[in-house]
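# When you get a sec, could you give me coordinates for this:
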Amino acid sequence: MLKKWPSLVVSFNKTVDAMAVEEYCLKNNIAGRLIPLPKEISSGCGLAWKCELNNKPIMEKILKEINIDYDKMTEIMI
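Sure thing, here's the model as predicted:
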C-alpha cells in the first residue's frame, strides 16, 4: 500500500485553468503535478493541482498573479 502524505490540492472550475497552473509551475520549477480530482473533493472540473502542504502561500501568490479562478484549496492525506 502506498503511504499517504498531507498534501495541498487545488481544484479548478475549468480544465483550462488547471492546465495554465501546470504550465506556469513547470516553467518556474515549482514542484507539484496535475492529478485526477480526489473523491474527497466533490466539485471542480475533474483535475486538480497537488503539491506539498507548505507550498500553500506560493500557490496563493501564483493563482493571484496569473489570475486563475480556482474552486478551492484543500488539505488532505493523499
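# Next one: the spatially most central residue of the chain relative to Asn67, how far apart?
Closest to where the C-alpha atoms of the chain average out (Cα atoms, centre = their mean) is Trp49, at 2.3 Å. Using Cβ to Cβ, to the nearest Å, Trp49 is found at 16 Å from Asn67. Every C-beta, even on glycine, is put in place using the N, C-alpha and C of the backbone.
# which residues of this structure fall in strands?
Taking DSSP state E to define them, one finds strands in the chain at 6-12, 33-36, 47-52, 70-77.
# export these to JSON lines and tack on mean pLDDT and distance to Ala20?
Below are the strands of the chain laid out as JSON lines (pLDDT from 0 to 100; distance: least, Cβ to Cβ, whole Å):
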{"stretch": "strand 6-12", "mean pLDDT": "96", "distance to Ala20": "9"}
{"stretch": "strand 33-36", "mean pLDDT": "96", "distance to Ala20": "11"}
{"stretch": "strand 47-52", "mean pLDDT": "96", "distance to Ala20": "10"}
{"stretch": "strand 70-77", "mean pLDDT": "95", "distance to Ala20": "10"}
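# Make a markdown table out of these and add distance to Glu23.
Putting these into a markdown table (distance: least, Cβ to Cβ, whole Å) gives the following:
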| stretch | distance to Glu23 |
| --- | --- |
| strand 6-12 | 13 |
| strand 33-36 | 10 |
| strand 47-52 | 11 |
| strand 70-77 | 15 |
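# Quick one: closest of those to Glu60.
Ranking those by their distance to Glu60 (criterion: Cβ to Cβ) puts strand 70-77 first, at 7.7 Å.
# Could you pull up the mean pLDDT of the helix ranked longest in the chain?
Determined from DSSP state H, the single longest helix within the chain is helix 15-27. Taken as a whole, helix 15-27 has a mean pLDDT of 97.
# Pull out the buried positions in it.
Across helix 15-27, burial judged by 16 or more other Cβ atoms under 10 Å covers Asp17, Ala18, Ala20, Val21, Glu22, Cys25.
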